[in-house]
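Asks: Requesting a structural model of the entry that follows:
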Amino acid sequence: MAILYFFQTQLEFVQSLASPAYLHYLATSGILYQSSFLDFLRYLRYWKRPEYAKYLIYPNCLYFLDLLVPPDDDCDDEETQCDSEAHEGTTEKSSKVKRADRGEAFRREMAQVQFRNFVHEQQFYSWQFRSARLYGTGGVSKEEKDEPSNSESSS
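Replies: A predicted model of the protein is given here:
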């Protein structure tokens, strides 16, 4: 029972990242800049795996998760790859600084009301486009309007 509660709590939190208003709150309250919170967001990346992602209602939360704490493409899985890159002229310190700054711009901008509103609008347009592509526009097309009148006149 405790595992189910833990799963539901993390599912709810991950999906809350789909809300630009909530991200704005986290940014303005300073929570987005705490290293322990950023580590928790990195931990939540496991929701990107298909066996977990299938439970998400708002999959765009994963996009925001990547913007907040971008994945470490170069050093996530293989330490040997990082070591070889460090020997090729990239110092370990500069690569850590580079990785640390990757999500900083988005976190900083989310504290701005104008940016929050912009992200919200873009999200709305994305959902509107997706909905229209999946389900149609919801209106009656010209062909459908003409069809009933043709059938009535022929009876």
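
Asks: Let me know the pLDDT of residue 103.
Replies: With respect to pLDDT, residue 103 scores 82.

Asks: so it sits right up against residue 71, yeah?
Replies: No. The criterion here is CB atoms under 8 Å, and residue 103 misses it with residue 71 at 10.0 Å. Just so you know, the C-beta spots here come from the backbone N, C-alpha and C atoms, and that holds for glycine as well.

Asks: Which one's more surrounded, the two?
Replies: Legend: neighbour count by other CB atoms under 10 Å for residue 103 and residue 71, higher for residue 103 (20 against 14).

Asks: residues touching that one, list them.
Replies: For residue 103, the contact set (CB atoms under 8 Å, 6 or more residues apart in numbering) comprises 38, 67, 68, 69, 70.

Asks: Could you tell me which of the residues you listed count as buried?
Replies: 38, 67, 68, 69 (16 or more other CB atoms under 10 Å).

Asks: Please list the members of these that lie in strands.
Replies: Assigned to strands by DSSP state E, none of those qualify.

Asks: which one's the longest helix in the protein?
Replies: Across the chain, the longest stretch assigned as helix under DSSP state H is helix 113-135.

Asks: what does that one contact?
Replies: 18, 20, 21, 23, 24, 60, 109, 110.

Asks: got it, and stretch 27-35?
Replies: Under CB under 8 Å, 6+ apart, the answer for stretch 27-35 is 23, 26, 37, 38, 68, 107, 108, 110, 111.

Asks: Residue 13: neighbouring residues, count only.
Replies: Residue 13: 15 neighbours (other CB under 10 Å).

Asks: what does the one 10 residues further on give?
Replies: Using other CB under 10 Å, the number of residues around residue 23 comes to 25.

Asks: Equivalent analysis for residue 29, please.
Replies: For residue 29, the neighbour count with other CB under 10 Å is 11.

Asks: again, but for residue 12
Replies: By other CB under 10 Å, the residues close to residue 12 number 9.

Asks: Now do residue 55 against residue 62, distance only.
Replies: Plainly put, residue 55 is 12 Å away from residue 62 if you go by CB to CB, to the nearest Å.

Asks: what is the rounded mean pLDDT of stretch 43-59?
Replies: 93.

Asks: show me where the chain has helices.
Replies: Going by DSSP H, the chain shows helices at 2-16, 20-29, 35-43, 50-53, 60-68, 79-87, 92-100, 104-109, 113-135, 142-154.
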